[in-house]
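**Student:** return a 3D structure for these sequence lines:
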Amino acid sequence: MRSDAVLRSQVVDLRRYGLELDRVRLLMLRALGVKDVAFADELEALDRAIVALPSGRVNELARRLALGLDEVSLLWTVIASSHDPRCAPHAAALGGADHRAGASVALHVQLYGLDPARARQLALRMHEGHPLLHNGLLLGDERTSPASRVLRASDRLADFAAGGDALDAAITEYAGMSSPPGAAVLEPAHTRLVDVLVQTMTGTRATVMLEGSHGVGRRTLAAIAADEARRPLLDVDLNRVGRTGAALEGVLLALRREVALRPEIILLFANVDRLVEVDALDGGRARILSREIDKLDVPVILTATTGCELPLSQTPLRLRVPSPSAETRLALWRRSAPEIEDQAIEEIARRYQIGPGTIASSAKAAEVLSRARGGANVSVRDLVDGVRASIAERMGGLAYRVETGERWDDLVLTQDTLDQINTLIARVRHATEVLDRWGMRARLPRGTGVAALFSGPPGTGKTMVAGLIARELDLELYQVDLSRVVSKWVGETEKQLASIFDAAEAGHALLLFDEADALFAKRTEVKAAVDRYANLEVNYLLQRVEAFGGVTILTTNMDTSIDPALKRRLAAHVVFWPPDEDERAKLWTKMIPPTAPREGELDFDELAAAFPDMAGANIRNAAVAAAFLAAAEGKPITGAHLQRAARLEYRSMGRVLGKRDGS
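**Tutor:** Just a heads-up that it's a prediction; the model follows:
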């Protein structure tokens with residue numbers, strides 16, 4: 001609800017707006033030589049009515065921008081010519097077709113009958129750096145001279161002069177006024193950050209960089225601090241702004257206009273790191289944004305993940321927003337889903353280390369899913385699926401969730417390989433005990449995550465084991481889609497990877513990079529620009545894998561192509577060897593389930609000996625093909641079906657069949 005004082009002020013501004021436009025209209029009629037109008041009496045009456053009004057927002061704007069009387073009257077002339085349908089035809093008649101878009105200094109001089117000295121002085125003042133033009137309140141063609149330049153009042157200025165407070169239409173797609181949530185759950189560390197922000201916002205110029213993971217509550221803390229400082233917060237999402245410098249400059253001009261009209265405002269630029277990452281080639285937009293921030297006379301808050309650098313003239317105050325503790329997450333979940341029983345909600349809070357923003361979006365997604373499923377209340381399944389939906393949205397289609405149907409019993413590996421896998425699982429499962437209670441965290445150079453490389457020929461079970469590890473550790477398995485991650489645009493690959501790692505860290509996910517040699521190839525000597533940027537991509541990947549707090553598994557058929565620096569960062573390098581004859585026989589046995597009909601003796605030892613180059617995936621393909629061959633004939637699976645299917649698979653592998661297999 002708006003206060004009575006605000007409403008009275010708006011009524012006064014709207015009244016002044018009408019009177020000022022009436023005066024301009026009369027001046028235009030007089031300049032056109034219209035007869036039978038008592039211009040002197042009517043203009044005098046309008047002047048008396050305007051003077052009798054309390055000082056309004058346009059007068060306050062004039063004071064802040066140090067505008068003279070002639071500049072203020074010019075402002076009203078331009079507003080009337082641009083936005084009053086009664087004045088527009090008169091402006092066109094006086095100034096010609098070019099004046100249909102507004103009014104010029106020459107037209108204004110004609111209307112007010114300014115003497116030569118005042119006319120020249122006004123034209124000199126209306127240069128490109130004039131505050132009305134610099135701040136985008138008045139718009140004009142810079143290619144024409146100040147005296148003849150046609151000026152148009154921005155829609156936001158006209159609305160402001162009439163008492164309106166609607167946000168500039170040029171930025172509504174990218175920005176909005178932000179307000180704090182009804183009942184935020186803050187930890188002591190967050191409360192201290194709010195206190196620092198409030199102190200920073202009391203001045204006119206300050207730049208703060210709020211760092212933290214996505215959804216951790218950076219923008220929420222800024223909104224709370226702005227509310228406590230009793231200043232409006234304008235939140236600008238740089239992710240939504242077009243990728244060109246021109247698009248960013250258009251948004252910044254609208255923001256400059258908003259700041260000029262509302263100097264009490266605080267600006268928040270969200271996702272600055274995304275803008276910087278995309279600008280890896282030349283940093284064009286980062287420089288444009290930095291120049292604008294350096295000129296602003298209002299507090300500016302920037303949000304980024306970590307280590308984001310802008311070429312600002314003064315180093316910003318960097319504040320790190322910590323991830324919420326398990327207790328805080330539990331309180332947030334209880335508030336978002338009060339109908340879920342305590343034990344289930346505690347498990348969700350423990351499992352998903354996400355911030356307030358992601359919890360809120362996940363709860364909303366759970367409500368939608370519950371309604372779609374016809375449920376009366378949100379269930380645990382709805383909440384888990386809501387979290388998955390939020391994580392998938394943040395992945396942006398760059399990685400997809402993989403369900404694992406296999407079991408550990410389906411594996412046929414050597415004991416040494418199984419020991420390596422079990423050690424890897426133990427490293428993740430007992431991380432808290434070893435790193436925190438035993439004090440080993442201080443011995444790690446950067447991150448506490450676990451990265452493993454699975455190498456070996458195709459079909460030896462690398463991807464299958466990754467899925468089994470994820471299920472064993474109760475993690476979501478996301479496989480990175482390299483076809484969508486790798487981009488020809490410089491910096492775009494790093495941006496995509498940053499989104500994946502950020503989402504995976506919050507979403508309790510295991511990241512799988514299949515065919516990892518495509519991304520983690522050895523760095524080469526720089527002989528061309530493309531080599532430089534390819535090396536930068538590998539450097540970035542190495543840093544993110546090391547800093548990542550979760551589990552990363554990379555698979556490759558060519559481990560010699562992997563950069564040596566990655567191998568030094570690995571918790572494990574598991575080599576998957578091709579199965580020997582005994583292992584192949586076990587694989588053949590496991591591939592035919594007990595429920596499948598069979599006839600006669602199935603000699604799996606003979607199959608293992610006859611097709612020595614088959615790995616687990618090839619044997620699986622052959623077993624499935626044999627089942628379909630049998631079903632097509634309406635018969636149970638026989639040894640002949642298995643032989644036929646094995647020969648087909650062997651041919652598809654490009655292998656030569658010998659006499660031993662009956663060809």
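**Student:** that's a helix at residue 241, yeah?
**Tutor:** No: Residue 241 is assigned coil when assessed by DSSP: H, G, I helix; E, B strand; the rest coil, not a helix.
**Student:** burial measure for the nearest residue to residue 204 once chain neighbours are set aside, as a count.
**Tutor:** Spatial nearest neighbour of residue 204, chain neighbours left out: residue 297 (5.1 Å); criterion: C-beta to C-beta, 6 or more residues apart in numbering. Glycine gets a C-beta too; all of them are placed from N, C-alpha and C. Here the count is done by other C-beta atoms under 10 Å, and residue 297 has 11 residues near it.
**Student:** repeat for residue 517
**Tutor:** 19.
**Student:** quick one: residues contacting it.
**Tutor:** Residues in contact with residue 517 (C-beta atoms under 8 Å, 6 or more residues apart in numbering) are 556, 557, 558, 559, 561, 562.
**Student:** what number of residues lie near residue 511?
**Tutor:** Neighbourhood size, residue 511 [other C-beta under 10 Å]: 28.
**Student:** need phi/psi at it.
**Tutor:** Dihedral pair for residue 511: phi -90, psi 130, per degrees, to the nearest 10.
**Student:** tell me how far the lengthiest helix in the chain is from the chain's mean position?
**Tutor:** When the chain is parsed with DSSP state H, its longest helix is helix 4-31. Relative to the centre of its chain, helix 4-31 is centred 44 Å away, using C-alpha atoms, centre = their mean, to the nearest Å.
**Student:** moving C-terminal of that helix, what's the next helix or strand?
**Tutor:** Proceeding N to C from helix 4-31, the next assigned helix or strand is helix 39-52, under DSSP states H and E.
**Student:** next, the buried residues of that following helix.
**Tutor:** Buried residues in helix 39-52, defined by neighbour count with 16 or more other C-beta atoms under 10 Å: residue 46.
**Student:** quick check: angle from it to helix 4-31?
**Tutor:** Interaxial angle of helix 39-52 relative to helix 4-31 (axes from the mean of the first three to the mean of the last three C-alpha atoms, to 10 degrees): 160 degrees.
**Student:** tell me what helix 39-52 is packed against?
**Tutor:** Applying 3 or more C-beta pairs under 8 Å, 6 or more residues apart in numbering; DSSP states H and E, we find helix 39-52 packed against helix 4-31.
**Student:** which residues in the stretch 301-450 of the chain form strands?
**Tutor:** 317-320, 399-401, 450-455 (DSSP state E, counting those that start in this stretch).
**Student:** most tightly packed of those strands?
**Tutor:** Highest mean neighbour count of the strands of the stretch 301-450 of the chain: strand 450-455, a mean of 23 (counted as mean count of other C-beta atoms under 10 Å).
**Student:** list the contacts of that one.
**Tutor:** With contacts defined as C-beta under 8 Å, 6+ apart, strand 450-455 is touched by 424, 427-428, 431, 462, 465-466, 516, 545-546, 548, 550-559, 562, 566-567, 569-576.
**Student:** that strand - what's its average pLDDT?
**Tutor:** The average pLDDT for strand 450-455 rounds to 84.
**Student:** that one pairs with which strands?
**Tutor:** Sheet pairing here is set by DSSP bridges, and for strand 450-455 it gives strand 551-556 (parallel), strand 572-575 (parallel).
**Student:** show me the contacts for the nearest residue to residue 147 once chain neighbours are set aside.
**Tutor:** Of all residues not flanking residue 147 in the chain, residue 123 sits nearest, at 4.4 Å (C-beta to C-beta, 6+ apart). Contacts here follow C-beta under 8 Å, 6+ apart; on that basis residue 123 touches 105, 146, 147.
**Student:** mind telling me what element the second one is part of?
**Tutor:** This points to residue 146. Per DSSP H and E: nothing holds residue 146, as it lies in no helix or strand.
**Student:** that one touches residue 127, doesn't it?
**Tutor:** Yes: using C-beta atoms under 8 Å, residue 146 is in contact with residue 127, at 5.9 Å.
**Student:** so these two - more neighbours on which side?
**Tutor:** The residue with more neighbours, out of residue 146 and residue 127, is residue 146; 20 against 12, by other C-beta under 10 Å.
**Student:** need the three-state assignment for the residue nearest to residue 204.
**Tutor:** Of the three states, residue 297 takes coil according to three-state DSSP.
**Student:** the longest helix of the chain packs against which elements?
**Tutor:** By 3+ C-beta pairs under 8 Å, 6+ apart, helix 4-31 packs against helix 39-52, helix 57-64, helix 69-83, helix 88-95, helix 105-112, helix 155-161.
**Student:** which one, of those, ends up nearest to residue 511?
**Tutor:** Closest of the helices and strands packed on helix 4-31 to residue 511 is helix 155-161, at 45.4 Å (criterion: C-beta to C-beta).
**Student:** any idea of the mean pLDDT for the closest one?
**Tutor:** Averaged across helix 155-161, pLDDT comes to 95.
**Student:** put the buried members of the contacts of residue 517 into a PyMOL selection.
**Tutor:** In PyMOL, this line selects whichever of the contacts of residue 517 come out buried by 16+ other C-beta under 10 Å:
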select buried, resi 556+557+559+562
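**Student:** which one of the contacts of residue 517 is nearest residue 644?
**Tutor:** Using C-beta to C-beta, residue 557 comes nearest to residue 644 of these, at 28.2 Å.
**Student:** in terms of helices and strands, where is the residue nearest to the closest one when sequence neighbours are not counted?
**Tutor:** Of all residues not flanking residue 557 in the chain, residue 458 sits nearest, at 5.8 Å (C-beta to C-beta, 6+ apart). When elements are assigned from DSSP H and E, residue 458 belongs to no helix and no strand.
**Student:** how is the protein carved up into domains?
**Tutor:** With domains defined by automatic domain parsing, the chain comprises 4-161, 175-320, 329-393, 408-575, 581-661.
**Student:** how near is residue 309 to residue 161?
**Tutor:** Using C-beta to C-beta, to the nearest Å, one obtains 41 Å as the distance from residue 309 to residue 161.
**Student:** neighbour count: those two, which is higher?
**Tutor:** The neighbour comparison of residue 309 against residue 161 (other C-beta under 10 Å) goes to residue 161, with 25 against 15.
**Student:** contacts only, for the more buried one.
**Tutor:** 13, 16, 17, 20, 57, 58, 79.
**Student:** let's see that with 6 Å instead.
**Tutor:** Taking C-beta atoms under 6 Å, 6 or more residues apart in numbering, we find residue 161 in contact with 17, 58, 79.
**Student:** and for residue 356?
**Tutor:** Applying C-beta under 6 Å, 6+ apart, we find residue 356 in contact with 217, 220, 332.
**Student:** any idea how far residue 331 is from it?
**Tutor:** Using C-beta to C-beta, one gets 10 Å for the distance from residue 356 to residue 331.
**Student:** could you do residue 304 as well?
**Tutor:** As judged by C-beta to C-beta, residue 304 and residue 331 stand 27 Å apart.
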